[in-house]
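**Student:** Give me the fold of what follows.
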Amino acid sequence: MDAEHLRKLKHELRTPVNHILGYSELLLETASDAADGTMTSLAKNIHASGQTIARLMEKSLLSSGNGIDEAEISALRNSLRPVVEQILQVSIPDSSSPAENPYADELGRIRRAASQLMLLVG
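**Tutor:** Numbers count the residues shown, from 1 in each chain. Just a heads-up that it's a prediction; the model follows:
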């Protein structure tokens with residue numbers, strides 16, 4: 001993969017990961033303020049998963065310099081997929097309306113970012 005494609009891939013992957021990290025921090029703050037232990041725990045797990053994704057990316061893409069081969073990309077996809085699937089699984093907001101669920105917005109944004117990431121990793 002040439003340098004331009006690698007740069008583009010890095011950007012495409014970083015954007016949803018940054019959204020997952022940022023919105024999980026907001027979710028954690030909201031849940032902590034509400035003293036909601038269950039949601040606080042969930043937000044911590046989502047954030048930890050986002051950090052795992054960021055570390056995996058750093059290890060394989062960001063430290064690769066100007067080139068990366070298809071085997072390395074495949075290995076990255078295989079490493080990321082289960083973590084992203086976990087985020088998707090735990091970020092499903094309950095069926096109550098956003099007015100009744102103060103976490104629905106953040107969970108929805110996390111889910112959209114994870115879905116975008118899943119499309120990128122195949």
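**Student:** next helix or strand past the lengthiest helix in the chain?
**Tutor:** The longest helix of the chain (DSSP state H) is helix 3-33. Counting by DSSP states H and E, the element after helix 3-33 in chain order, helix or strand, is helix 37-57.
**Student:** can you state the direction angle for that next one and helix 3-33?
**Tutor:** Computed by axes from the mean of the first three to the mean of the last three CA atoms, to 10 degrees, the angle separating helix 37-57 from helix 3-33 equals 160 degrees.
**Student:** So for helix 37-57, what gets flagged as buried?
**Tutor:** 39-40, 42-43, 46-47, 49-50, 52-54, 56-57 (16 or more other CB atoms under 10 Å). The C-beta positions use only the backbone N, C-alpha and C, and glycine is treated the same way.
**Student:** With stretch 71-83 instead?
**Tutor:** So, applying 16+ other CB under 10 Å, buried residues of stretch 71-83: 73, 76, 79-80, 83.
**Student:** where does this structure dip in pLDDT?
**Tutor:** Along the chain, the model assigns pLDDT under 70 to residues 1-2, 62-69, 93-99.
**Student:** what number of residues lie near the residue nearest to residue 9 when sequence neighbours are not counted?
**Tutor:** The shortest distance from residue 9 to any non-neighbouring residue, by CB to CB, 6 or more residues apart in numbering, is to residue 61 (6.8 Å). By the criterion of other CB atoms under 10 Å, residue 61 has 19 neighbours.
**Student:** From what I see, residue 61 and residue 10 are in contact.
**Tutor:** Yes - using CB atoms under 8 Å, residue 61 makes contact with residue 10 at a distance of 5.5 Å.
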